[in-house]
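Visitor: Based on what follows, work out the 3D shape:
(one chain, ligands or ions: 1)
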Amino acid sequence: MIILKNVNKIYHQKKHSIEALKDINLEIAKGEIYGVIGSSGAGKSTLIRCVNMLESPSSGQVIVDGTDVTKLKDYALIKHRRQIGMIFQHFNLLSSRTVFGNVALALEFNGETNKEKINKRVFELLELVGLADKHASYPANLSGGQKQRVAIARALATEPKVLLCDEATSALDPATTSSILSLLKDINRRLNITILLITHEMDVVKKICDKVGVISQGQLIEQGTVAELFSHPKTPLAKSFIESTIDIEIPDDYQAKLQSTEVAGKHPLLKLTFTGRSVDAPVLSEIAQRYGILSNIISARMDYAGGVKFGVMLAEFSGENSKLELAIAFLREQHVKIEELGYV
Ligand SMILES: Nc1ncnc2c1ncn2[C@@H]1O[C@H](COP(=O)(O)OP(=O)(O)OP(=O)(O)O)[C@@H](O)[C@H]1O
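Guide: Take a look at the predicted model:
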């Protein structure tokens with residue numbers, strides 16, 4: 001549905017030029033949810049804006065549903081943009097229009113004049129995003145999540161084939177983020193609409209994306225399925241994004257009594273990291289049975305993404321020293337990463 005071939009974008013300023021995109025190659029299949037993750041200034045917005053030609057690439061091709069959109073001009077470009085809905089971080093609603101009026105506007109811009117048809121379609125869309133009861137409210141009287149629902153209804157008004165989401169949940173709290181992401185996934189499944197989203201949060205990718213690309217300094221440095229990325233991140237940047245979703249800190253009480261050398265009566269504190277390579281087995285029960293090593297879990301964050309279990313765990317281990325070494329070796333064989341943090 002979306003293909004980017006050798007896309008470059010250079011912004012020319014008075015004294016210097018900025019290479020915002022460097023040789024981007026990317027393919028998104030119909031019905032897929034593709035996330036582009038990157039830090040601030042990496043080129044995410046530029047990339048998404050090249051798909052609907054709000055920015056035109058300096059070179060390369062952007063093919064949407066078989067049409068090279070970089071070649072389109074005037075009315076053909078306007079027609080193309082109608083096939084692409086877009087939602088933004090700050091919703092971009094018209095404050096002078098009601099919820100109904102904001103969604104209706106997209107239909108009016110699309111040339112629809114029949115009031116009955118507009119009425120029917122707007123209510124269908126508001127039903128879809130769960131906001132039919134708010135049709136007469138103004139944006140100022142809505143929560144952030146409700147505003148984004150209106151923006152989603154507006155974006156879907158012209159039945160686009162593609163929905164672009166530019167940091168659509170970055171201004172929302174975690175619970176609202178979660179409900180908007182569920183809504184996007186539901187819309188994707190129901191309408192088979194292709195979604196390209198950009199974000200700086202791995203949690204967003206984890207929750208709804210099928211595939212993900214990591215962008216850094218204008219280059220797509222890594223891409224694949226979400227499961228591939230979580231199980232075999234290749235670049236330090238991808239690893240750091242993953243760690244940002246699962247890392248845990250040593251609780252203050254334990255930090256206060258943590259010692260770097262072994263002291264009688266204290267137990268080793270270990271950090272266990274499970275990745276997609278870790279064997280899916282009850283490894284803590286196994287080390288108890290095989291080596292008599294007992295584990296006391298202090299804190300843990302385990303999760304699933306793209307069918308892969310991953311996470312981190314802090315645990316205090318007790319048992320004979322020689323057996324503990326065997327247990328650690330066993331865990332490493334199961335591809336559980338072990339860090340020895342000290343003694344508590
Ligand atoms: N209109 C413009 N003119 C000149 N430079 C620009 C323009 N838009 C973006 N840039 C530059 O291009 C680079 C990529 O910017 P872009 O907004 O695409 O990044 P981003 O990943 O979306 O960042 P953020 O998450 O902070 O919005 C940055 O160095 C930015 O300063």
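Visitor: need the residues of the stretch 151-300 of the chain near the ligand, please.
Guide: Contact residues, the stretch 151-300 of the chain versus the ligand (C-beta under 6 Å from any ligand atom): residue 200. C-betas here are computed from N, CA, C, even on glycine.
Visitor: Of all residues in the stretch 151-300 of the chain, which one is closest to the ligand?
Guide: Closest contact between the stretch 151-300 of the chain and the ligand, by C-beta to the nearest ligand atom, is at residue 200 (5.8 Å).
Visitor: Disregarding flanking residues, what is the spatial nearest neighbour of the spatially most central residue of the chain?
Guide: Compute the mean C-alpha point of the chain, and by C-alpha atoms, centre = their mean the closest residue is residue 205, 2.3 Å away. Distances taken as C-beta to C-beta, 6 or more residues apart in numbering place residue 35 nearest to residue 205, at 4.3 Å, with adjacent residues excluded.
Visitor: buried sites along the helix or strand that that neighbour is a member of?
Guide: Following DSSP states H and E, one finds residue 35 within strand 33-38. By neighbour count on 16 or more other C-beta atoms under 10 Å, the buried set for strand 33-38 is 33, 34, 35, 36, 37, 38.
Visitor: again with stretch 273-287
Guide: By neighbour count with 16+ other C-beta under 10 Å, stretch 273-287 contains the buried residues 273, 274, 275, 276, 278, 283, 284, 286, 287.
Visitor: do stretch 24-35 as well
Guide: Within stretch 24-35, the residues scored as buried using 16+ other C-beta under 10 Å are 24, 26, 28, 32, 33, 34, 35.
Visitor: What is the end-to-end distance of it?
Guide: 14 Å (C-alpha to C-alpha, to the nearest Å).
Visitor: can you list the residues that contact that stretch?
Guide: With C-beta atoms under 8 Å, 6 or more residues apart in numbering as the test, stretch 24-35 has contacts from 1-8, 47, 60, 161, 184-185, 188, 192-199, 204-205, 208-213, 218-220, 223, 226.
Visitor: Let's see which of these end up in helices.
Guide: 47, 184, 185, 188, 204, 205, 208, 226 (DSSP state H).
Visitor: Just the buried ones from these, in ChimeraX syntax?
Guide: This is the ChimeraX syntax for the buried subset of the ones in helices among the contacts of stretch 24-35, where burial follows 16+ other C-beta under 10 Å:
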select :47,184,188,204,205,208,226
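Visitor: Identify the farthest-apart pair in the ones in helices among the contacts of stretch 24-35.
Guide: The largest separation in the ones in helices among the contacts of stretch 24-35, counting by C-beta to C-beta, is between 47 and 185 at 21.7 Å.
Visitor: give me the number of residues near residue 232?
Guide: For residue 232, the neighbour count with other C-beta atoms under 10 Å is 14.
Visitor: Could I get the pLDDT score of it?
Guide: Residue 232 carries a pLDDT value of 81.
Visitor: tell me the contacts of the closest residue to it other than its chain neighbours?
Guide: Spatial nearest neighbour of residue 232, chain neighbours left out: residue 276 (6.7 Å); criterion: C-beta to C-beta, 6+ apart. With contact set as C-beta under 8 Å, 6+ apart, residue 276 has these partners: 227, 228, 230, 231, 232, 308, 309, 310.
Visitor: Can you say which helix or strand has residue 276 in it?
Guide: Judged by DSSP H and E, residue 276 forms part of no helix or strand.
Visitor: if I look at it, how far off is residue 327?
Guide: 22 Å (C-beta to C-beta, to the nearest Å).
Visitor: Quick check: beta-bridge partners of the residue nearest to residue 205?
Guide: Beta bridges link residue 35 to residue 197, residue 212, judged by DSSP bridges.
Visitor: Which pLDDT value belongs to it?
Guide: Reading off the model, residue 35 has pLDDT 97.
Visitor: now the one 3 residues further on
Guide: pLDDT for residue 38: 94.
Visitor: Let me see the ranges of the strands in the stretch 1-150 of the chain.
Guide: 2-12, 17-28, 33-38, 59-64, 67-68, 84-88 (DSSP state E, counting those that start in this stretch).
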